[in-house]
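Q: How does the following fold in three dimensions:
(one chain, ligands or ions: 1)
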Amino acid sequence: MVSRELIARHCICCGSDQLRRSPAVLMPFIAHRVFGHEPVEITEEWGLRDLLPGMAYTLCSSLQCQHCGVLFLDYRFTEEQMAALYHGYRDEIYTRQRNHYEPGYAAIADHYQQREAYIRDVESWLAPHLPPRPVVLDWGGGSGLNTPFLYQGGKLHVHDISAVELMPGVERVNTSQLAAQRYDLIVCSQVLEHVPFPLDLIKQILPALHEQTLVYLEVPHEALMRENPGSLELAGLKRHWHEHVNFFTQQALHSLLDSTGLVLVDSHLLTIDLGWRQSQVMGVLARYP
Ligand SMILES: [Zn+2]
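A: This next block holds a predicted model:
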């Protein structure tokens with residue numbers, strides 16, 4: 001049983017209470033947006049007898065499930081906090097505020113305005129499972145810029161909380177319209193690592209599924225997880241948290257599928273060479289039994 005705990009005491013994927021814990025800091029940009037916290041220097045003038053002077057940042061914990069291996073931030077943000085964090089995601093004000101805490105961010109922000117080249121490889125991997133010109137719903141797909149099968153002849157819907165302008169030809173759908181459409185594919189890419197309750201999010205998608213619909217879930221395979229395969233000792237190595245609040249393992253993704261009654265059809269790991277850095281994504285394809 002996975003419940004909505006605002007400071008997690010159970011695994012967010014499998015519900016286990018076997019968690020390893022280690023202290024960490026929430027990066028100042030996130031702490032500012034979510035809690036209104038700003039880093040502060042504790043000085044002698046504070047007159048606090050039992051505290052040492054020095055910089056204070058928002059403290060949190062890294063938790064790792066000893067059953068499925070998922071590594072995650074203990075804070076689980078409320079809907080209101082999530083809205084504050086992602087308001088105007090990557091727009092001018094967001095970028096300026098983030099650049100204040102993370103000098104250099106603005107310089108790379110332009111990168112996010114272009115379609116990711118690796119989507120082609122995702123499409124090649126998905127295509128054999130799908131009819132030609134698939135009808136696609138992208139859950140959390142923003143403008144549709146990175147939606148697989150964009151401009152390949154099939155209808156393309158996006159469900160997203162942000163009000164960003166959509167790519168030409170992409171349609172927005174709300175939850176009440178979902179069941180009316182027969183989707184060949186529902187994509188939820190690069191979303192689950194941001195959300196406080198991944199299981200709840202997948203459950204929200206379920207009403208849009210028909211018997212033949214495939215669900216593609218994709219998350220980053222974070223460097224720390226890649227470099228320590230199978231390790232359950234990662235909490236102490238994760239000293240800071242940013243917008244990715246969940247670092248998944250394959251087993252954790254499988255636990256999520258199990259908990260929602262979906263079965264695994266196929267899975268892949270895809271290495272992406274961005275030139276300035278190498279990364280990897282982990283994807284699972286699932287359906288109703
Ligand atoms: Zn777990």
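
Q: tell me which element the residue found closest to L237 once you drop the neighbours it is linked to in the chain falls in.
A: When the adjacent residues along the chain are set aside, L237 lies closest to L224, with 6.3 Å between them (Cβ to Cβ, 6 or more residues apart in numbering). Where C-beta positions appear, they are placed from N, C-alpha and C, glycine not excepted. For L224, the host element (DSSP states H and E) is helix 223-227.

Q: can you check A107 too?
A: helix 105-109.

Q: Which SSE is immediately downstream of that helix?
A: helix 119-126.

Q: Just after that following helix, pick out the following helix or strand.
A: Using DSSP H and E, the next helix or strand after helix 119-126 towards the C-terminus is strand 136-139.

Q: pLDDT of that following strand, averaged?
A: The average pLDDT within strand 136-139 is 97.

Q: Okay, now the sheet partners of it, with direction.
A: Strand 136-139 sits in its sheet next to strand 156-159 (parallel), strand 185-189 (parallel), going by DSSP bridges.

Q: Give me the contact list for that strand.
A: 144, 147-149, 154-160, 173, 178, 181, 183-189, 191, 201, 204-205, 208 (Cβ atoms under 8 Å, 6 or more residues apart in numbering).

Q: switch the cut-off to 7 Å
A: Applying Cβ atoms under 7 Å, 6 or more residues apart in numbering, the contact partners of strand 136-139 are 144, 147-149, 154, 156-159, 183-188, 191, 205, 208.

Q: residues in contact with P134?
A: F149, G154, D184, L185.

Q: Going by neighbour count, which of those residues comes out on top?
A: Neighbour count (other Cβ atoms under 10 Å) singles out F149 as the most crowded of the contacts of P134, with 24 neighbours.

Q: so it touches S124, yeah?
A: No - F149 is not in contact with S124 according to Cβ atoms under 7 Å; the separation is 11.1 Å.

Q: how long is stretch 140-151 end to end?
A: This stretch, stretch 140-151, spans 18 Å end to end (Cα to Cα, to the nearest Å).

Q: List the buried residues for it?
A: G140, G141, G142, S143, G144, L145, N146, T147, P148, F149, L150 (16 or more other Cβ atoms under 10 Å).

Q: From those residues, which land in strands?
A: Of the buried residues of stretch 140-151, none are assigned to strands by DSSP state E.

Q: Give the helix, strand or coil label for A286.
A: Classification of A286 by DSSP: H, G, I helix; E, B strand; the rest coil places it in strand.

Q: State the number of residues packed around it.
A: Neighbours of A286 using other Cβ under 10 Å come to 25.

Q: what sits against it?
A: Going by Cβ under 7 Å, 6+ apart, A286 touches V215, L257, L262, V263, L264, V265.

Q: Could you pull up the contacting residues of the fifth one?
A: Same thing as L264. Counting by Cβ under 7 Å, 6+ apart, the residues that L264 touches are H254, L257, V284, A286.

Q: can you give me the strands in the protein?
A: Going by DSSP E, the chain shows strands at 19-26, 40-42, 54-56, 59-65, 71-73, 136-139, 156-159, 171-172, 185-189, 214-220, 240-241, 246-247, 263-273, 278-287.

Q: Among the ones you listed, which comes closest to the ion?
A: strand 59-65 (3.1 Å; Cβ to the ion).

Q: now that closest one against strand 19-26, angle please.
A: 150 degrees (axes from the mean of the first three to the mean of the last three Cα atoms, to 10 degrees).

Q: Mind listing residues that contact strand 59-65?
A: 8, 11, 13-14, 16, 18-26, 71-75, 232, 234-235, 238, 241.

Q: Using TSV, lay out the contacts of L264 together with pLDDT.
A: Shown next, in TSV, are those (pLDDT from 0 to 100):
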residue	pLDDT
H254	97
L257	97
V284	98
A286	98
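
Q: Who wins on neighbours among those?
A: A286 (25 neighbours).
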